[in-house]
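> Return atomic coordinates for the entry below.
(2 chains)
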Amino acid sequence: DAGVIQSPRHEVTEMGQEVTLRCKPISGHNSLFWYRQTMMRGLELLIYFNNNVPIDDSGMPEDRFSAKMPNASFSTLKIQPSEPRDSAVYFCASSRSVAGGDEQFFGPGTRLTVL
Amino acid sequence: GESVGLHLPTLSVQEGDNSIINCAYSNSASDYFIWYKQESGKGPQFIIDIRSNMDKRQGQRVTVLLNKTVKHLSLQIAATQPGDSAVYFCAEINGKLSFGAGTTVTVRA
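Now for the predicted structure:
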């Protein structure tokens, strides 16, 4: 299995632009998670889906952030408009379920820089 | 609010020595804990987990200890190798996964 796939790996954009991050979970996994990692705040859970349905989006910082999962093999995280403080590494992870016993497998991350 | 945290941000270890990474948590309702390893430029990778009904669990070269009385979690790495250099995170699950700040482990040759 290729593992969790994220694209792009790096994104540099200007403030105000729309940014779309993409994730393909591991086949057969029913749960998908979006995280943000910064030096100041560490790893933060933004939102997670179970069977393509958003379960908890309480970690999404603002209305500028939105996430979708149109099918079991694809999810997007969109920031519109982007701001310099959104600069971070964004990770997608998937697991067989949201249950505590199921390991989350992380993708390589997308490093976002907003100028 | 309740959170997961780490005692030390960095740890320098001589190759071949044992490493001990500590973690304190404050949510007594958490019933499941995980240690992750993150190498530079990569996502976190699962190392070992432990449930609250256990106080010790061993893996290959790693041991996790859980002390619920003082809400403390530790990760022991035996015979530390250069490939163990990474950031180590403890995480707790109480409904959802919450990560601590991370400890950077550097292995000296």
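> switch to C-alpha atoms for all contacts and neighbour counts from now on
OK.
> all strands in chain B, in order from the N-terminus.
With DSSP state E as the criterion, chain B has strands at B:4-6, B:10-14, B:19-25, B:32-38, B:45-51, B:56-58, B:62-67, B:72-77, B:86-94, B:96-99, B:103-108.
> Adjacent strands (with direction) for the fourth one?
According to DSSP bridges, the neighbouring strands of strand B:32-38, each with its direction, are strand B:45-51 (antiparallel), strand B:86-94 (antiparallel).
> Kindly report the same for the third one.
Looking at strand B:19-25 with DSSP bridges, its paired strands and their directions are strand B:4-6 (antiparallel), strand B:72-77 (antiparallel).
> tell me the angle of that strand relative to strand B:62-67?
Counting by axes from the mean of the first three to the mean of the last three C-alpha atoms, to 10 degrees, strand B:19-25 lies at 30 degrees to strand B:62-67.
> One more: the second one?
Note on geometry: by the same axes, to 10 degrees, strand B:10-14 and strand B:62-67 are set 130 degrees apart in direction.
> who's B:L65 bridged to?
The partner list for B:L65 in beta bridges (DSSP bridges) reads B:K56, B:S74.
> That one touches B:G59, doesn't it?
No - B:L65 lies out of contact with B:G59 (C-alpha atoms under 8 Å); the separation is 11.6 Å.
> So for the two, which sits in the more crowded spot?
Counted by other C-alpha atoms under 10 Å in any protein chain shown, B:L65 and B:G59 do not tie: B:L65 has more neighbours, with 18 against 11.
> Let me see the confidence value for that one.
At B:L65, the model reports a pLDDT of 97.
> Roughly how far does the residue most central in space within chain A sit from B:G59?
Among the residues of chain A, the one closest to the centroid is A:W34, at 3.0 Å (C-alpha atoms, centre = their mean). Here the criterion is C-alpha to C-alpha, to the nearest Å. By it, A:W34 lies 28 Å from B:G59.
> on that earlier part again, so of the strands of chain B, which one's packed in deepest?
Among the strands of chain B, ranked by average contacts under mean count of other C-alpha atoms under 10 Å in any protein chain shown, first place goes to strand B:86-94 (a mean of 24).
> what about chain A, any weak spots by pLDDT?
Regions of chain A meeting the criterion pLDDT under 70 cover residues A:1, A:98-101.
> Check chain A for the residue nearest chain B and tell me.
Chain B sits closest to A:P108 of chain A, with a gap of 4.9 Å, by C-alpha to the nearest C-alpha.
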